[in-house]
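>>> Requesting a structural model of the entry that follows:
(one chain, ligands or ions: 1)
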Amino acid sequence: MDNKNIQNPFQNGMAQLDKVTKIKDFSKEFIARLRQPDRDIRISIPVKMDDGSMKIFEGYRVEYNNTLGPYKGGIRYHKDTEINEVKALAFWMTLKCAVAGIPMGGGKGGITVDPKELSKTELEKLSRGWVQKLADILGPKKDVPAPDVNTTPEIMAWMANEYAKITEEETGATFTGKPLDKGGSAGRGSATGLGGFYVFNSLRKQIGLSEKCKIVVQGFGNVGVNVAQSFIENGHKVIAISDSKGGIYNADGLDIEKLGEYKKKNGSLSGFAGSKNLTNKELLETECDLLIPAAFENVITEANAEKIKAKAILELANGPITPEADEILFKKGIPVIPDILANSGGVTVSYFEWDQNLREEHWSEKEVFEKLLPMMNDATQKTFKNAKEYSTDLIRGAFILALERISEKMGY
Ligand code: GLU
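The predicted model follows:
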């Protein structure tokens, strides 16, 4: 979290791509095309602030590749968000949708802003402003945004409403991650976390982990909280968890629901009954069965990879491990279940939402999860098979799966 921007995440994505081409031959032209987004757009969004002044924010949308379907990917609000981060995230979305086996391409958006510094009215104006500047390129068959870090169902509802006002498009399928009563899908909120659990469970025996694991989670946003809950509901124990301010540890396991209430009241996790405080650095280096980074890029780097004591890692954030750290972990024999597989449950349920909106259907949560599970299992086992076949790590296994699907559709 603190060292988020030490390394350019887009360069990391390209380094991952280069590593894969060393073990499997893909057409040079195809790889050259994947090294560039179809387009990257920067916009300025003027917002009249509550005090009457005007502030101009910088926003982005990167449409990376739409070979498999409309560009798809979330919108991130963060003070450090910049074009290289959005480009990297859009590249990873392209691969993620391909790994998940959904008919969607890859895109990502963002605004450089700390949303905590805005009032609700200002946040709404800013979100609507993003749509006003980009409405021309969005649409159910063109580009379908969704939530990401610091963007919520409520923000998606404002955006969908703004888009409908501008275009008179009525399906609601241009934005996913909407609230349930505004065309959202059942299960979307917990899908990334639950999907991560499905992926882990599909691989659990193959990576030698038991039915009762000790889990450490970095991140207390939607993904961190939901993945922690999913593991606990399935008999595992979350022994440490953190937010941006720091973490807490309890060897007997933490009650995440109570912890959520505690954080709401106290503003931080620190001081929760029966737990001891940890820094984010200590949290990552805690001894455990499974470490789940569920916050930001570049948290496991050359500087701390040697010190990781987890038996395996499940990447729920996008790009939390640098390519150099990946090599170190591979040599240490710590399997890393990569982001483009591990967190693909979120975009898969986004795809379900888009599909339901276009068909004017509404599926129950049970139906959604019943559709999600076999897709996650299939993507996981195909990734594992590739990793075995090429004697490599799961990251390269997942890249190979995605690149084969995209290159075939592109005709290479
Ligand atoms: N922001 C999420 C991701 O990184 C979800 C994207 C979506 O639902 O389109 O996968």
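>>> which residues of this structure fall in strands?
Using DSSP state E, the strands found in the chain span residues 39-48, 54-65, 71-78, 106-112, 143-147, 214-218, 237-243, 246-249, 276-278, 288-293, 310-314, 336-337.
>>> can you redo these as a markdown table with distance to Trp158 and mean pLDDT?
From N, CA and C alone the C-beta is placed, and that goes for glycine too. As requested, the strands of the chain are arranged in a markdown table below (distance: least, C-beta to C-beta, whole Å; pLDDT from 0 to 100):
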| stretch | distance to Trp158 | mean pLDDT |
| --- | --- | --- |
| strand 39-48 | 13 | 98 |
| strand 54-65 | 14 | 98 |
| strand 71-78 | 12 | 98 |
| strand 106-112 | 13 | 98 |
| strand 143-147 | 12 | 98 |
| strand 214-218 | 29 | 98 |
| strand 237-243 | 25 | 98 |
| strand 246-249 | 32 | 97 |
| strand 276-278 | 36 | 97 |
| strand 288-293 | 30 | 98 |
| strand 310-314 | 32 | 98 |
| strand 336-337 | 34 | 98 |
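>>> As a markdown table, the ones you listed with mean neighbour count and distance to the ligand would be great.
What follows is those, written out as a markdown table (neighbours: other C-beta atoms under 10 Å; distance: least, C-beta to the nearest ligand atom, whole Å):
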| stretch | mean neighbour count | distance to the ligand |
| --- | --- | --- |
| strand 39-48 | 15 | 17 |
| strand 54-65 | 20 | 13 |
| strand 71-78 | 27 | 3 |
| strand 106-112 | 28 | 8 |
| strand 143-147 | 26 | 3 |
| strand 214-218 | 25 | 16 |
| strand 237-243 | 24 | 19 |
| strand 246-249 | 21 | 23 |
| strand 276-278 | 17 | 26 |
| strand 288-293 | 26 | 14 |
| strand 310-314 | 24 | 14 |
| strand 336-337 | 26 | 15 |
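>>> Including distance to Phe175, could the ones you listed go into a markdown table?
Written out in a markdown table, the entries for those read as follows (distance: least, C-beta to C-beta, whole Å):
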| stretch | distance to Phe175 |
| --- | --- |
| strand 39-48 | 17 |
| strand 54-65 | 13 |
| strand 71-78 | 9 |
| strand 106-112 | 11 |
| strand 143-147 | 6 |
| strand 214-218 | 28 |
| strand 237-243 | 27 |
| strand 246-249 | 33 |
| strand 276-278 | 37 |
| strand 288-293 | 27 |
| strand 310-314 | 28 |
| strand 336-337 | 29 |
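>>> In the stretch 301-412 of the chain, what residue lies closest to the ligand?
When distances are taken as C-beta to the nearest ligand atom, the stretch 301-412 of the chain reaches nearest to the ligand at Ser350, 3.2 Å away.
>>> near the ligand, which residues of this structure show up?
With C-beta under 6 Å from any ligand atom as the criterion, the chain comes near the ligand at residues 72-74, 96, 146, 148, 176-177, 318, 343, 346-347, 350.
>>> Could you list the buried residues of stretch 358-368?
Residues of stretch 358-368 classed as buried by neighbour count (16 or more other C-beta atoms under 10 Å): 363, 365, 367-368.
>>> Could I get the average pLDDT for that stretch?
Along stretch 358-368, the predicted confidence averages to a pLDDT of 98.
>>> what's near enough to touch the residue lying closest to Ser190 once chain neighbours are set aside?
In space, and not counting its chain neighbours, Ser190 is closest to Asn226: 4.5 Å by C-beta to C-beta, 6 or more residues apart in numbering. The contact partners of Asn226, taken as C-beta atoms under 8 Å, 6 or more residues apart in numbering, are 189-190, 192-194.
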